[in-house]
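**Student:** Just a sequence and a predicted model for now, questions to come.
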Amino acid sequence: MDVTLVTTNPGKLREVRALLSEFGAVVRPLRRALPEPQSDSLDVVARAKLAAVSDLRGWVLVEDSGLFIPSLGGFPGVYSSHIYAIWGLDPILELLARRPRAAVFRTVAGLRRGRTTWYLTGECDGTIATSARGSGGFGFDPIFIPKGSRRTFAEMSETEKGVVSHRGRAMRSVGEILAESKK
Ligand code: ITT
């Protein structure tokens, strides 16, 4: 079946497309800038994004993700896309020079069909590397090392990243709902 993914982020689109193809879903992208209300919760942002595409019919999917670093009070968190666009990676590495490096990536996906909505979450624990490594992926991938690995997300193939990533986990829950609806 077809699913419309509303996003401006080509990296997100690539990953979601590959992850949902495992469930027989075809992802149709729609590039539309969505509101990101001031909130410290991905959940609130995902709900606002889904509300902003109430004009779309069929299966509609949005997602909001962020990198949360406890020693920085959860920063950049819901501000990840702005912070990455303005700062890039280096200031985060500098801020962590003398702080604990634990971090977690989180995704909240919002899925809707007709009047039914689902919110699916995924998390990936890890640490922030001491320097940027690798050329794959997007955003903070070169500085994030998932738990149990020595490589950053950017040093992994897209398939390897998807097995453990926040987005992989959330999208497998999305895929199960899509697959179930076909029965
Ligand atoms: P849309 O809202 O249009 O979908 P966006 O890029 O603004 O695109 P988010 O609000 O979800 O998406 O922002 C998440 C930001 O966090 C994103 O721009 C990246 O910088 C970062 N990010 C999210 N998932 C990531 C991942 O898997 N790897 C690396 N960085 C990621």
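**Tutor:** Received the coordinates, thanks. Numbers count the residues shown, from 1 in each chain.
**Student:** all contacts plus neighbour counts: C-alpha atoms, from now on.
**Tutor:** Noted.
**Student:** Check which helices and strands the longest helix seen in the chain sits against.
**Tutor:** Longest helix of the chain, by residue count under DSSP state H: helix 166-181. Packing contacts for helix 166-181, counted by 3 or more C-alpha pairs under 8 Å, 6 or more residues apart in numbering; DSSP states H and E, involve helix 10-21, strand 102-113, strand 116-128, helix 158-164.
**Student:** Mind checking the pLDDT average for that helix?
**Tutor:** Averaging pLDDT along helix 166-181 gives 97.
**Student:** And the contacts of that helix?
**Tutor:** The contact list for helix 166-181, computed with C-alpha atoms under 8 Å, 6 or more residues apart in numbering, reads 1, 15-16, 19-20, 22-25, 65, 105-109, 111, 120-124, 161-163.
**Student:** picking up where we left off before, and the helices and strands packed on helix 166-181, which is most packed in?
**Tutor:** Highest mean neighbour count of the helices and strands packed on helix 166-181: strand 102-113, a mean of 23 (counted as mean count of other C-alpha atoms under 10 Å).
**Student:** OK, contacts around the spatially most central residue of the chain?
**Tutor:** Central residue of the chain (C-alpha atoms, centre = their mean): Ser65, 3.8 Å from the mean position. Ser65 makes contact with 42, 78, 80, 105-108, 167, according to C-alpha under 8 Å, 6+ apart.
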